[in-house]
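Asker: next input, structure requested:
(2 chains)
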There are 2 protein chains.
Amino acid sequence: MEFCTSVESIREVVTDWKQAGQRIAVVPTMGYLHEGHLSLMRIARQNADRVVTTIFVNPTQFGPTEDLEKYPRDLAHDRQLCQEVGVDAIFHPAPAEMYAPDFSTWVTEESLSQTLCGAFRPIHFRGVCTVCLKLFNITLADVAVFGRKDAQQALVIERMVRDLNIPIRIIQAPLVREADGLALSSRNKYLSAEERVRALALSRGLRAAQARYDAGERAAAALREAVLQELQPAADSIDYVDVMARATLRPVALIDQPALLAIAAYIGKTRLIDNLFLG
Amino acid sequence: MEFCTSVESIREVVTDWKQAGQRIAVVPTMGYLHEGHLSLMRIARQNADRVVTTIFVNPTQFGPTEDLEKYPRDLAHDRQLCQEVGVDAIFHPAPAEMYAPDFSTWVTEESLSQTLCGAFRPIHFRGVCTVCLKLFNITLADVAVFGRKDAQQALVIERMVRDLNIPIRIIQAPLVREADGLALSSRNKYLSAEERVRALALSRGLRAAQARYDAGERAAAALREAVLQELQPAADSIDYVDVMARATLRPVALIDQPALLAIAAYIGKTRLIDNLFLG
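Answerer: The predicted structure follows:
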């Protein structure tokens, strides 16, 4: 497995692969890898000849009050997991390798990124779009795999790829949960034992909404209510519980098209997200 | 010579070339081609196996009061010139092929694009960056050629390529002039015979500044004054006559690093630009 920290060195590796006619998949991550990330890498493995995992805690997608500094990191463990899952190369740059002191070019998606997390994290998706386009360009990837845990991110990236004609195929991979329902996230590490129990309210709320949906309920307000009944007693604060059209990420009153039921809530000081695709 | 109007059809052409190991150069133009454009295509020809010329009057780089509607077009003549110069493919999309009704992703360069023309045309470089990135991605080009007539554009595009790690090489090509000094531009077509004479004040002013520079003058104010002596009597209005550091496009008082002396002025209702690289 190759381990590259400079753009020049990973470009050399992937250029050799491309010249040999091999197809490359990239899995962009911020490291502190868990089973959710590994599932993305396995899907990448099935869809390309070579798999590159990028490990980069991207500073430009964190707001000034967010958890950039304390975001968990464990590179040695990440390398071991990548090796085990058959990754061909890791790209792990320092921030200065990605952003020159006079860096001045940004990619903004101005529609899908405005609601849900975008309404609470104003520069987040600008940072995500910019770094993902950079990582696609650096790795010369044919395919990129994104998890549905970050559903809005996957949809924003798909829109960027369409709008900018980026020659890459985006694969959306299923959300991965613990046995008790908690969506896997590197941020789960922040949770105390007591908070870990309360955090189950997110997935329990979504299961309740799914049950109502399966029983024929199509009113967004009723599905939202089902989530809130579980979430309100458990969360310290709630950013949103929203039912959105997947095509626009704008609210729908009645689910008559593919929809996304998405949650962001604080358990203690930890901001957790979870979601459900409906229809 | 291939002639493609859809993204799908030009992609098919360039993908075949790439798979055969050929290097592709793209020359982005808005059509109404003149000798300046042809010089770019000849440089492209020398730097790649295949040359694609794009002909697209990009609506997103025109402000609401600018000349989008009346911008000159002559596709039959453009095709003939491309054929003569040995272009391998023309990409000539309709606006709807480039911009979906719900298009929502933009590339902005927020430093070099703020002065000179950017100060007078607020959305111009956002449109330029976005369409150029799209054209690079659509044509899978290894090289792109831009003329120094649009010096700020070339520098902004180079910055975008650096910042977003776009796998393309930018070549800056020399500005091409008529025998009497007028910089070639599709917009020269707008000039009446009387305006055509007055328009010579731009290049005459630059020549005067060059003479002062060659004689040892390094003060920006003095070089600017040399231009204005010629330009003020001839122009109907002047947007700017500025001496900028090429690295930052910010004003310099003394030329002690590579600089750009740039002009934008109206002759009648026609906005003309011209410039000189110093140092």
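Asker: going forward, measure contacts and count neighbours with C-alpha atoms only.
Answerer: OK.
Asker: and the gap between A:Leu175 and B:Pro28?
Answerer: For A:Leu175, the distance to B:Pro28 equals 42 Å [Cα to Cα, to the nearest Å].
Asker: between the two, who's got more neighbours?
Answerer: Between A:Leu175 and B:Pro28, counted using other Cα atoms under 10 Å in any protein chain shown, B:Pro28 has the larger neighbour count: 23 against 20.
Asker: skipping its backbone neighbours, what lies nearest that one in space?
Answerer: Using Cα to Cα, 6 or more residues apart in numbering or on different chains and skipping residues adjacent in sequence, the residue nearest B:Pro28 is B:Thr54, 4.8 Å away.
Asker: same question, A:Ile273
Answerer: Counting by Cα to Cα, 6+ apart, the nearest residue to A:Ile273 once its immediate chain neighbours are dropped is A:Ala264, at 4.4 Å.
Asker: show me what from the stretch 51-200 of chain A comes close to chain B.
Answerer: A:99-100, A:103-111, A:130, A:133-134, A:137-138, A:159-160, A:163-167 (Cα under 8 Å from any Cα of the partner chain).
Asker: for the residues you listed, which ChimeraX command selects only the ones that are buried?
Answerer: Only the buried entries of those go into this ChimeraX selection, using 16 or more other Cα atoms under 10 Å in any protein chain shown:
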select /A:99,103,104,105,106,107,108,109,110,111,130,133,134,137,138,159,160,163,164,165,166,167
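Asker: so which of the residues of the stretch 51-200 of chain A next to chain B are in strands?
Answerer: A:Thr105, A:Trp106, A:Val107, A:Thr108, A:Glu109 (DSSP state E).
Asker: format these as JSON lines; extra columns: pLDDT and distance to A:Gly118.
Answerer: Shown next, in JSON lines, are these (pLDDT from 0 to 100; distance: Cα to Cα, whole Å):
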{"residue": "A:Thr105", "pLDDT": "98", "distance to A:Gly118": "20"}
{"residue": "A:Trp106", "pLDDT": "98", "distance to A:Gly118": "16"}
{"residue": "A:Val107", "pLDDT": "98", "distance to A:Gly118": "14"}
{"residue": "A:Thr108", "pLDDT": "98", "distance to A:Gly118": "12"}
{"residue": "A:Glu109", "pLDDT": "98", "distance to A:Gly118": "10"}
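Asker: can you give me the distance of the residue positioned nearest the centre of chain A to A:Met30?
Answerer: Centroid-nearest residue in chain A, with Cα atoms, centre = their mean: A:Asp150, separated by 3.6 Å. A:Asp150 is 13 Å from A:Met30, where distance means Cα to Cα.
Asker: would you list every one of the strands in the stretch 101-250 of chain A?
Answerer: A:105-109, A:143-147, A:169-173, A:237-245 (DSSP state E, counting those that start in this stretch).
Asker: turn these into JSON lines, including distance to B:Gly279.
Answerer: As requested, the strands of the stretch 101-250 of chain A are exported to JSON lines (distance: least, Cα to Cα, whole Å):
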{"stretch": "strand A:105-109", "distance to B:Gly279": "26"}
{"stretch": "strand A:143-147", "distance to B:Gly279": "44"}
{"stretch": "strand A:169-173", "distance to B:Gly279": "45"}
{"stretch": "strand A:237-245", "distance to B:Gly279": "55"}
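Asker: which of these sits closest to B:Pro233?
Answerer: Across the strands of the stretch 101-250 of chain A, B:Pro233 has its closest neighbour in strand A:105-109 (38.9 Å, Cα to Cα).
Asker: residue ranges with poor pLDDT in chain A?
Answerer: The model of chain A has no residue with pLDDT under 70.
Asker: domain assignment for chain A?
Answerer: Listed domain ranges for chain A are A:2-173, A:186-274 (source: automatic domain parsing).
Asker: between the ones you listed, which one is closest to B:Gln19.
Answerer: Of those, nearest to B:Gln19 by Cα to Cα is domain A:2-173, at 8.3 Å.
Asker: can you get me the start-to-end distance on the closest one?
Answerer: 25 Å.
Asker: next: stretch A:190-208.
Answerer: 26 Å.
Asker: so how far is it off the chain centroid?
Answerer: The chain centre lies 19 Å from the centre of stretch A:190-208; the measure is Cα atoms, centre = their mean, to the nearest Å.
Asker: not counting stretch A:213-220 itself, show me its contacts.
Answerer: A:Leu223, A:Val243, A:Val252, A:Ala253, A:Leu254, A:Ile255, A:Asp256 (Cα atoms under 8 Å, 6 or more residues apart in numbering or on different chains).
Asker: just those: which are in helices?
Answerer: Those of the contacts of stretch A:213-220 mapping onto helices are A:Leu223, per DSSP state H.
Asker: could I get the contacts of stretch A:213-220 in CSV, plus columns for neighbour count and distance to B:Leu81?
Answerer: Converted to CSV, the contacts of stretch A:213-220 look like this (neighbours: other Cα atoms under 10 Å in any protein chain shown; distance: Cα to Cα, whole Å):
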residue, neighbour count, distance to B:Leu81
A:Leu223, 23, 63
A:Val243, 28, 55
A:Val252, 19, 53
A:Ala253, 13, 56
A:Leu254, 16, 57
A:Ile255, 19, 55
A:Asp256, 12, 53
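Asker: now stretch A:89-98: buried residues?
Answerer: A:Ala89, A:Ile90, A:Phe91, A:His92, A:Pro93, A:Met98.
Asker: what comes into contact with it?
Answerer: Under the contact criterion Cα under 8 Å, 6+ apart, stretch A:89-98 has outside partners A:1-7, A:10, A:51-56, A:58-59, A:79, A:82.
Asker: so which of the domains of chain A comes closest to B:Gln210?
Answerer: For B:Gln210, the closest of the domains of chain A is domain A:2-173, at 29.9 Å, according to Cα to Cα.
Asker: report the distance from the closest one to the chain centre.
Answerer: In terms of Cα atoms, centre = their mean, the centre of domain A:2-173 is found 9 Å from the chain centre.
Asker: ditto for stretch A:267-278
Answerer: Computed by Cα atoms, centre = their mean, the chain-centroid distance of stretch A:267-278 equals 12 Å.
Asker: cool, and stretch A:179-187?
Answerer: On Cα atoms, centre = their mean, the centre of stretch A:179-187 falls 13 Å from the chain's centre.
Asker: need the helices for the stretch 1-150 of chain A, in chain order.
Answerer: With helices called from DSSP state H, counting those that start in this stretch, the stretch 1-150 of chain A shows them at A:7-19, A:35-46, A:75-85, A:95-98, A:117-120, A:124-139.
Asker: turn those into a markdown table, columns for distance to B:Ser237.
Answerer: Formatted as a markdown table, these follow (distance: least, Cα to Cα, whole Å):
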| stretch | distance to B:Ser237 |
| --- | --- |
| helix A:7-19 | 47 |
| helix A:35-46 | 58 |
| helix A:75-85 | 60 |
| helix A:95-98 | 43 |
| helix A:117-120 | 44 |
| helix A:124-139 | 38 |
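Asker: ranking these by burial, who's on top?
Answerer: helix A:124-139 (a mean of 22; mean count of other Cα atoms under 10 Å in any protein chain shown).
Asker: contacts for that helix, please.
Answerer: In contact with helix A:124-139 (Cα under 8 Å, 6+ apart) are residues A:7, A:10-11, A:14, A:24, A:26, A:28, A:52, A:54, A:58-63, A:106-109, A:113, A:118, A:144, A:153, A:156-157, A:160, A:168, B:163-167.
Asker: taking helix A:7-19 as reference, get the angle to that helix.
Answerer: In terms of direction (axes from the mean of the first three to the mean of the last three Cα atoms, to 10 degrees), helix A:124-139 departs from helix A:7-19 by 60 degrees.
Asker: angle of helix A:124-139 against strand A:143-147?
Answerer: 150 degrees.
Asker: now the residue nearest to A:Gln257 when sequence neighbours are not counted: how far from chain B?
Answerer: Residue nearest to A:Gln257 in three dimensions, not counting chain neighbours: A:Gly279, with 6.3 Å by Cα to Cα, 6+ apart. According to Cα to the nearest Cα, to the nearest Å, A:Gly279 stands 22 Å off from chain B.
Asker: with A:Leu200 instead?
Answerer: 35 Å.
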